[in-house]
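In: predicted model, plus sequence, below.
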Amino acid sequence: MQQHIQRSKAPILSKNQIDQLGSRLRTEDYSEDDLRTLDHFRRAYVALYEDTVNTIRQTLHLAPTGRPAKSTSAIRDKLCRSSMRLSQMQDIAGCRIVVEDHRLQDEVVTQLQALFPASTVVDRRKTPSHGYRAVHVIVWHQHQAVEIQIRTELQQAWAEYAEKLADTVDPALKYGGGPQGPRDILKALSKVGGFVEQIELEGAGQHQQFAAALAEVASRLADLHKE
């Protein structure tokens, strides 16, 4: 299928200029001009985001939610806590699709790949990122990208809980930091979610593992309550 994305404009900066801007923003030597340039750069993603979301809604009849562009402060924070170049950042614009289960998740990923041939897939179900599990389809248009997160209801529940825990305990929990107790709980809950989805796919046969994972979560919740 031919992509409907036509309105998005190429960045006014070259790839090298974008990365130089990102390098300056990692330090304390960035200027107000750098922030204005970053703001202009991130706003250039809005048209691509809108076209991507509208294409999904009209063709697949799904209802993605999200944001046209990361804030300048969020972009700078990500640059400071990672080694990626600004031109490599794939989630400046992003949306999310939540589906019922693992099977539907696979179906939607396949549909998105057919809808956006110039896309790449990042599967974080078998190798979670600090407990975070989902599938990301990255839609590319020239030097711009829109990240589509496809989550099951279980994965979405975990992400919402992790966000609340980060807000109330330590923001570093979102990136694998923070106190050990809450980190262990998030990983255990993620493990339980994985078992549930595997049982959905394969049926019976993993109930003992599932019961053990639930016991692990209950134990860590009790420890956190004491702390």
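Out: Nice, thanks for sending it over.
In: got a list of what the spatially most central residue of the chain touches?
Out: Centroid-nearest residue in the chain, with C-alpha atoms, centre = their mean: residue 149, separated by 5.6 Å. Residue 149 sits next to 94-97, 134-136 when contact means C-beta atoms under 8 Å, 6 or more residues apart in numbering. For every residue, glycine as well, the C-beta is placed using N, CA and C.
In: kindly recompute the last result at 7 Å.
Out: 94, 96, 134, 136 (C-beta atoms under 7 Å, 6 or more residues apart in numbering).
In: show me what the helix or strand containing residue 80 is packed against.
Out: Taking DSSP states H and E as the criterion, residue 80 maps to helix 72-81. Packing contacts for helix 72-81, counted by 3 or more C-beta pairs under 7 Å, 6 or more residues apart in numbering; DSSP states H and E, involve helix 15-25, helix 32-43.
In: may I see the buried residues of stretch 122-142?
Out: The neighbour-count check on stretch 122-142 (16 or more other C-beta atoms under 10 Å) flags 124-125, 128, 130-141 as buried.
In: return the angle between stretch directions for the helix holding residue 80 and helix 15-25.
Out: Counting by axes from the mean of the first three to the mean of the last three C-alpha atoms, to 10 degrees, helix 72-81 lies at 90 degrees to helix 15-25.
In: would you mind identifying the next helix or strand past helix 72-81?
Out: strand 93-99.
In: dump the top strand by length along the chain to PDB, restricted to CA.
Out: In the chain, assigned by DSSP state E, the strand with the most residues is strand 144-152. The C-alpha coordinates for strand 144-152 follow below in PDB (Å, rounded to 0.1, in the frame of the first residue of the first chain):
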ATOM      1  CA  GLN A 144      12.100  11.900  10.600                       C
ATOM      2  CA  ALA A 145      10.500   9.000  12.500                       C
ATOM      3  CA  VAL A 146       7.200   8.400  14.400                       C
ATOM      4  CA  GLU A 147       7.300   5.700  17.100                       C
ATOM      5  CA  ILE A 148       4.100   3.600  17.300                       C
ATOM      6  CA  GLN A 149       3.900   1.700  20.500                       C
ATOM      7  CA  ILE A 150       1.600  -1.400  20.400                       C
ATOM      8  CA  ARG A 151       0.800  -2.700  23.900                       C
ATOM      9  CA  THR A 152      -1.500  -5.300  25.300                       C
END
